[in-house]
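A.B. asks: Build me a model from this:
(one chain, ligands or ions: 1)
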Amino acid sequence: MQIQTANGPISASALGATLMHEHLVMALAGWDSDTSAPVRTTEDLVQRCVDRIEELKAGGFSSLLDPLPNDLGRDIELYAEVSARTGFNILFATGIYNEHFAGPYWRFKLAWDPAGWEEYVASMYVRELTEGVGPSKVKPAVIKLAIGRNPESEFESKLIKAAATAANATGAPIVAHTEGVGGDLLLDKLKALGVPAHHVIIGHSCGSPDKAYHRRIVEGGGYIGFDRFGINMIQRDEVRTDGLCSLLQDGYAQQVIVSHDCAFCQRGQMIPDDLHSDAMHFTRNIAPRLRERGISQSMLDSIFKDNPRRYFCNESNPTIGGGI
Ligand SMILES: [Zn+2]
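C.D. replies: All right, here's what the predicted structure looks like:
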């Protein structure tokens, strides 16, 4: 089985320990209108990313997935350059962001052509996944599906269907952005549209402290994202750690995805530099707390090595005895 990266396909066995939700560079639509923000050259951005990734290599990681949507500053050439300089695998996504953050472009396009929009978006995803994108025609590894707090809106219900159509046409897995609510319902919708549950990550589920909510996602067969370690303004790490510990103790380690949602650097100045760029935080600060609570290091290693490989290879989930 081959996995797509910013520098072409690799074998699944080459993935190694993988962080499944980090961002090299973010650029929210409109960033270039902020003329007071510091000017950052591409070389500056590349060097910052290289420095961060050298830390990850030293910490035993060899790959990361940057699931940035196309309209949040996805920069495939930068990923390829950083990957070439570090020998680190960088996987990326196709997808557009949720209604709130998608910016005017996609909302305008929907208002202009409501009947054709869903098909247009699905076709774009399929073309990127099958033909590649950018000058080197590299292919995304996943479909990013970003849902806000109103997935029943026209924009987001069409986004969900477009992602499912592209997933069914190509076999690509889906990683979902959620606001920590409604991920269980989103998983049900995707399953009803024909997407296997074990090919879906319900991202940012750690935004909810509700263990019954977490349970519904894993019992539904999906992967659950505890992928914002270190973002205490959304949820305190103590709550995240406790929720994760419960899932691991209850036998769901094979369905857990752990990451940080870091931004190594940015265009414009959305957030202070280095506010959240330490993708070794879990390994350094959270893993010891879990070990104190009886979680083995081999279980933590398996979360970073085996779960990503199983997800990308479309293997059914051993926890639930088969795919749904
Ligand atoms: Zn993210």
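A.B. asks: Bridging across strands, which residues link to residue 257?
C.D. replies: residue 225 (DSSP bridges).
A.B. asks: Next, the contact list for it, please.
C.D. replies: By Cβ atoms under 8 Å, 6 or more residues apart in numbering, residue 257 lies in contact with 20-21, 201, 203, 223-227, 303, 307-308, 311. Heads up, the C-betas are built off the backbone N, CA and C, glycines and all.
A.B. asks: Let's see if you can find the most crowded of those.
C.D. replies: Highest neighbour count within the contacts of residue 257: residue 201, with 32 neighbours (other Cβ atoms under 10 Å).
A.B. asks: Am I right that that one is in a strand?
C.D. replies: Yes. Secondary structure of residue 201 (DSSP: H, G, I helix; E, B strand; the rest coil): part of a strand.
A.B. asks: Going forward, count from 663.
C.D. replies: All right, first residue 663 from here; so that's residue 863.
A.B. asks: and it, how far is that from residue 895?
C.D. replies: For residue 863, the distance to residue 895 equals 22 Å [Cβ to Cβ, to the nearest Å].
A.B. asks: thinking again about what came up before, quick check, nearest of the contacts of residue 919 to residue 840?
C.D. replies: Nearest to residue 840 among the contacts of residue 919 is residue 865, at 6.2 Å by Cβ to Cβ.
A.B. asks: excluding its backbone neighbours, what's nearest the closest one?
C.D. replies: Nearest residue to residue 865, sequence neighbours excluded (Cβ to Cβ, 6 or more residues apart in numbering): residue 887, at 3.8 Å.
A.B. asks: Show me where the stretch 813-962 of the chain has its helices.
C.D. replies: 816-832, 845-854, 873-881, 899-911, 943, 949-954, 959-974 (DSSP state H, counting those that start in this stretch).
A.B. asks: can you list those helices in a markdown table and add mean pLDDT and distance to residue 675?
C.D. replies: Formatted as a markdown table, the helices of the stretch 813-962 of the chain follow (pLDDT from 0 to 100; distance: least, Cβ to Cβ, whole Å):
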| stretch | mean pLDDT | distance to residue 675 |
| --- | --- | --- |
| helix 816-832 | 97 | 22 |
| helix 845-854 | 97 | 28 |
| helix 873-881 | 98 | 26 |
| helix 899-911 | 97 | 25 |
| helix 943 | 98 | 27 |
| helix 949-954 | 98 | 24 |
| helix 959-974 | 97 | 8 |
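A.B. asks: mind putting these in a markdown table, distance to residue 798 included?
C.D. replies: Converted to a markdown table, the helices of the stretch 813-962 of the chain look like this (distance: least, Cβ to Cβ, whole Å):
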| stretch | distance to residue 798 |
| --- | --- |
| helix 816-832 | 19 |
| helix 845-854 | 31 |
| helix 873-881 | 36 |
| helix 899-911 | 37 |
| helix 943 | 32 |
| helix 949-954 | 36 |
| helix 959-974 | 20 |
